[in-house]
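Chemist: what follows is a predicted structure for the sequence shown.
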Amino acid sequence: MKTLSERFEQFEDDYPDFKKVAKPLSQRADLHAFMLLDKIQPSGGDMISSSEHDEFYLSIDCDKLAEVISDEQIQELVCCGIRFDGEYDCLCMFA
């Protein structure tokens, strides 16, 4: 079974190419990604947990996410500019 990191890596050629998202929830890539993540892992908290320089880190439990996210949803996130950061074991994106 592939790790979440490996599942994200398989779509690295789609980074970032929002035009590949078939049914966007928003016309903005970042909003689509946030709305998709909220559907997959609902939470009452903020989506962005922290930032450093020009990168945002997302408040997503990656262990729980790995259990429920499909490869198609991962591809959508990659198309929106979302990456998996193996150093911090979290999802992130550039500003």
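Modeler: Looks like it arrived, so ask away.
Chemist: check contacts around Phe94.
Modeler: Residues counted as contacts of Phe94 (CB atoms under 8 Å, 6 or more residues apart in numbering) are 54-56, 81. All C-beta atoms are positioned from the backbone trio N, CA, C, and that covers glycine.
Chemist: just the residues you listed: which are in strands?
Modeler: Among the contacts of Phe94, the ones falling in strands (DSSP state E) are 55-56.
Chemist: how about the strands of the protein, start to end?
Modeler: Under DSSP E, the chain gives strands at 48-52, 55-58, 83-85, 90-94.
Chemist: and those: which comes nearest Lys2?
Modeler: Minimum separation from Lys2 across the strands of the chain (CB to CB) falls at strand 83-85, 11.6 Å.
Chemist: who does the closest one pair up with?
Modeler: Strand 83-85 pairs in its sheet with strand 90-94 (antiparallel), by DSSP bridges.
Chemist: give me the buried positions along the partner strand.
Modeler: Residues 90-93 are the ones in strand 90-94 that count as buried (16 or more other CB atoms under 10 Å).
Chemist: now tabulate the strands of the chain in a markdown table and tack on distance to Phe8 and mean pLDDT.
Modeler: Listed next are those as a markdown table, based on distance: least, CB to CB, whole Å; pLDDT from 0 to 100:
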| stretch | distance to Phe8 | mean pLDDT |
| --- | --- | --- |
| strand 48-52 | 18 | 96 |
| strand 55-58 | 13 | 98 |
| strand 83-85 | 4 | 98 |
| strand 90-94 | 9 | 98 |
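Chemist: shaky segments in the protein?
Modeler: Scanning the chain for pLDDT under 70 picks out nothing.
Chemist: and Cys90, how far from Pro24?
Modeler: According to CB to CB, to the nearest Å, Cys90 stands 24 Å off from Pro24.
Chemist: thanks again, I'm all set now.
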